[in-house]
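Q: My questions are about this predicted structure, shown below with the sequence.
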Amino acid sequence: MKQPFSERCDPRDALLRSNPAPAVHEKRDFRVMERSDFPPDAKRCLEHLVDAIDDALPLPKTRRRDLARSVRDLWTSLTSERSDRPADYLGMPESLSAYARYFLPWNVVRLVPLFAGPRFDLREGSTLLDLGSGPFTVPIALWIARPELRTRKLKVVCVDRVARVLEAGEAILDALSLRSTGQAISWTIETRRDVIGGRRGNRTFPPADLVTAVNVFTETFWQDRRPVREKAVDFAVELDSFRNPGGRILVVEPGEPRSGAFISAIREAFILSGSDPAAPCPHARACPVSGAFRGFDTDNAGIPVSALPPVHRPRHRVKMPWCHFVCDISAAPKRLEKFSEDVGLPKDRLTLCYLLVDPARPESEGPKHPLTPSNHLSVRMVSDAMRIPRLGTGRYACSEIGYSLVTGPAAEEASGRLVEVLTPRSIDRDEKSGAVVLTS
Ligand SMILES: C[S@@+](CC[C@H](N)C(=O)[O-])C[C@H]1O[C@@H](n2cnc3c(N)ncnc32)[C@H](O)[C@@H]1O
């Protein structure tokens, strides 16, 4: 009979199988290990970004009237399943202008706190390869998030299927640098018109220290009807081929269920092929918040399951929880908020799904599953905070034990933060959600 890979022995599994604990919740300690906040001058730079977009893409008075409609049309087309949007839509002036004025700045607001976190410090001489770059959303967010990178000699290669949007992006980044620092951008910028996906292996980009693909795969979901696992493997292989041996890969997608399932699938593909996640996952076991994605293995009944060591999963429900984070939008320019309200698409909540992948491990090394249980557990805070009967404030989270519900003071820590709590002595699962209760 087939022995699923996930049944391999791991000392942690003893903890995973242990019985419910008494419903007594001791007070425990916690530590914040990682937080991502806007840097001090982000608000000012984001204001400059709004002006830089106008500098680079001036809007004739006659077209101003139509802008609101173009933004709404583009929003509908980007979020609807049966879109007849042409693949090169950003080559059309109305769409480009609408994307640059609405989607670009909000995407930058979403990315800045992420890039301000501890893992995006590119060394002097590093290469960033941004795929599906659009109007340079990633380089712009990185430039705002990490002031120390602004003077480093970085090579930034931006790839998109549409040349025009790349030209616009380069002009916006230049204008942002001029407005914010009075100086031209010091990075070496290279733009490449190319189509990623499909034709594997016949492109040559400089091997990158960081390969990024942000809001790109979401564009292919509608056209590519293959199962998510197949798409994930293809994308993982392609992204992997673009990095240098010490390079990292970042994939960011909208915080919606389909993207969450895709991110969990590509995560499993990377781990199985020898690269562990650096963030947001605090472990390299099965993903407990994988939404509709079940895994690359099958159980004895032929049901798909994860090929990675098991974790406690949420109780079954029609819409299984998927991994996504709530973004801090406190630094968003008031003008951008007002513009969004005026066009009828106000933003009071932004979410994202992401995966940062570590460099591939040497073949001699096994995956990063801890071999000895430790007293401390790294926990990534995922959901909004909520009130839970008997337990007070709680927040869903992810740990190597699996789907977790953090209660106590640590539950005040925002979505996206990494905290460390004491490992529970036994497993106490929340009846409604199936989450393992971690008391701080
Ligand atoms: C939704 S936009 C995202 C742009 C930018 N990364 C952002 O987050 O704002 C998707 C971009 O990917 C580009 N794109 C879509 N499919 C592509 C492909 N197969 N190869 C290269 N670029 C692609 C589009 O032209 C567009 O600029």
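A: Received, thanks.
Q: going forward, measure contacts between C-alpha atoms and count neighbours the same way
A: OK.
Q: What parts of the protein come near the ligand?
A: By the criterion of Cα under 6 Å from any ligand atom, the positions of the chain lying close to the ligand are 88, 90, 104, 107, 132-134, 137, 160-162, 194-197, 214-216, 219.
Q: make it 5 Å
A: 132-134, 137, 160-161, 195-196, 214-216 (Cα under 5 Å from any ligand atom).
Q: which one of the residues you listed is nearest residue 183?
A: When the residues of the chain next to the ligand are compared for distance to residue 183 (Cα to Cα), residue 137 wins out at 19.7 Å.
Q: how far away is that closest one from residue 273?
A: According to Cα to Cα, to the nearest Å, residue 137 and residue 273 sit 29 Å apart.
Q: And the two? Which one has more around it.
A: The residue with the greater number of neighbours, taking residue 137 and residue 273 and applying other Cα atoms under 10 Å, is residue 137; the counts read 27 against 17.
Q: Just the pLDDT at the more buried one, thanks.
A: pLDDT, residue 137: 98.
Q: Can you list the neighbours in contact with stretch 46-58?
A: Here stretch 46-58 makes contact (Cα atoms under 8 Å, 6 or more residues apart in numbering) with 97, 100-101, 105, 109, 144, 168, 171-173, 175-176, 179-180, 331-333, 336.
Q: Out of these, list just those in strands.
A: Judged by DSSP state E, the subset of these located in strands is empty.
Q: circling back: quick one: which of the residues of the chain next to the ligand has the most company?
A: residue 134 (29 neighbours).
Q: In contact with the closest residue to it other than its chain neighbours, which residues?
A: Once its chain neighbours are removed from consideration, residue 134 has its nearest residue in residue 165; the separation is 5.5 Å (Cα to Cα, 6 or more residues apart in numbering). Taking Cα under 8 Å, 6+ apart, we find residue 165 in contact with 90-91, 96, 134-135.
Q: The protein: helices as residue ranges?
A: Assignment of helices within the chain using DSSP state H yields the ranges 12-17, 42-56, 61-79, 93-98, 104-116, 137-145, 163-181, 217-221, 228-241, 257-272, 334-342.
Q: Highest mean neighbour count out of the ones you listed?
A: Between the helices of the chain, the one whose residues have the most neighbours on average, counting mean count of other Cα atoms under 10 Å, is helix 137-145 (a mean of 26).
Q: got the angle between it and helix 42-56?
A: 140 degrees (axes from the mean of the first three to the mean of the last three Cα atoms, to 10 degrees).
Q: how far out from the middle of the chain is helix 137-145?
A: Centroid displacement of helix 137-145 relative to its chain, using Cα atoms, centre = their mean, to the nearest Å, is 15 Å.
Q: Quick one: residues in contact with it.
A: Contact with helix 137-145 is made by 38-39, 41-42, 45-46, 104-105, 107-109, 111-113, 115-116, 130, 149-150, 156, 169, 173, 212, 214, as judged by Cα under 8 Å, 6+ apart.
Q: Which residues lie in contact with the residue nearest to residue 315 when sequence neighbours are not counted in this structure?
A: In space, residue 315 comes closest to residue 434 once its chain neighbours are excluded; the distance is 4.6 Å by Cα to Cα, 6+ apart. Listed by Cα under 8 Å, 6+ apart, the contact partners of residue 434 are 312-315, 403.
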